[in-house]
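Undergrad: sharing a model prediction with you, sequence too.
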Amino acid sequence: MTAFTPAPGQASHGLLVDDDELYLRTLQRSLARKGLETVTASDTASALLLARQQPPAYALIDLKLGTESGLALIQPLRALREDMRILLVTGYASIATAVEAIKLGADDYLPKPATVPMILRALGEEDDGPADDGDMEPPDAMTPISRLQWEHIQQAMHETGGNVSAAARLLGMHRRSLQRKLAKRPSPERDPSR
């Protein structure tokens with residue numbers, strides 16, 4: 001694998017920003033196996049604090065960070081380091097969001113969960129090594145239907161300001177059915193240490 005080449009005098013490390021702690025840890029370990037060092041943050045304030053201490057060569061940012069938007073990080077990160085590769089990752093893919101992210105200065109827009117091979121391609125890396133079972137998923141794996149359904153429900157909840165009854169109407173389902181689905185959050189990744 002060709003190492004990510006930083007600008008002269010700059011460190012070659014990345015910033016991973018996601019509010020899903022398990023996904024964040026799994027992704028960090030997978031990238032470390034490919035020789036990419038990263039620091040992690042779960043909210044915009046922590047991400048900016050880490051980036052100001054040592055501007056990263058690249059940043060992988062989740063669109064939804066709890067009640068915050070990852071879009072808010074793009075311009076401040078770009079201001080810290082012009083040559084930073086900024087990748088927005090989301091399970092709520094839409095053309096409007098992709099266009100907005102690119103307009104704000106993101107270099108790429110990836111569906112979540114983004115696999116290590118996808119991330120390496122977006123960073124301009126070559127993955128010459130053998131396939132590693134720890135790379136989260138095979139590169140051609142699709143997002144599980146339970147995860148897509150969960151993300152669709154979360155999008156409806158966001159659009160209705162958290163009102164379960166309104167979200168149920170928007171989704172065309174009974175309120176109790178929606179409440180049961182909300183109680184069963186799917187896991188985006190299995191923890192390999194278990």
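TA: Looks like it came in fine.
Undergrad: from now on I want contacts and neighbour counts done on CA atoms only, so please keep to that.
TA: Noted.
Undergrad: and the worst-scoring helix or strand of the chain on mean pLDDT, which residues are buried?
TA: Least confident helix or strand of the chain, by mean pLDDT, DSSP states H and E, is helix 145-159 with a mean of 73. Judged by neighbour count (16 or more other Cα atoms under 10 Å), helix 145-159 contains these buried residues: 147, 150-151, 153-157.
Undergrad: again with stretch 101-120
TA: 101-102, 104-120.
Undergrad: just the ones in helices from these, please.
TA: Counting by DSSP state H, these place 101-102, 104, 116-120 in helices.
Undergrad: just the helices from this protein, written as ranges.
TA: For the chain, applying DSSP H gives helices covering 21-33, 44-53, 71-80, 95-104, 116-122, 145-159, 164-171, 175-182.
Undergrad: sorry, back to before: other SSEs contacting the least confident helix or strand of the chain?
TA: On a contact count with 3 or more Cα pairs under 8 Å, 6 or more residues apart in numbering; DSSP states H and E, helix 145-159 meets helix 164-171, helix 175-182.
Undergrad: of those, flag the one that's most buried.
TA: Stretch with highest mean neighbour count among the helices and strands packed on helix 145-159: helix 164-171 (a mean of 17; mean count of other Cα atoms under 10 Å).
Undergrad: residues in contact with that one: which ones?
TA: 153, 156-157, 159-160, 174-175, 178-179 (Cα atoms under 8 Å, 6 or more residues apart in numbering).
Undergrad: ok so, going back, want to throw the helices of the chain into a markdown table with distance to residue 13?
TA: Formatted as a markdown table, those follow (distance: least, Cα to Cα, whole Å):
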| stretch | distance to residue 13 |
| --- | --- |
| helix 21-33 | 10 |
| helix 44-53 | 10 |
| helix 71-80 | 14 |
| helix 95-104 | 22 |
| helix 116-122 | 13 |
| helix 145-159 | 30 |
| helix 164-171 | 40 |
| helix 175-182 | 36 |
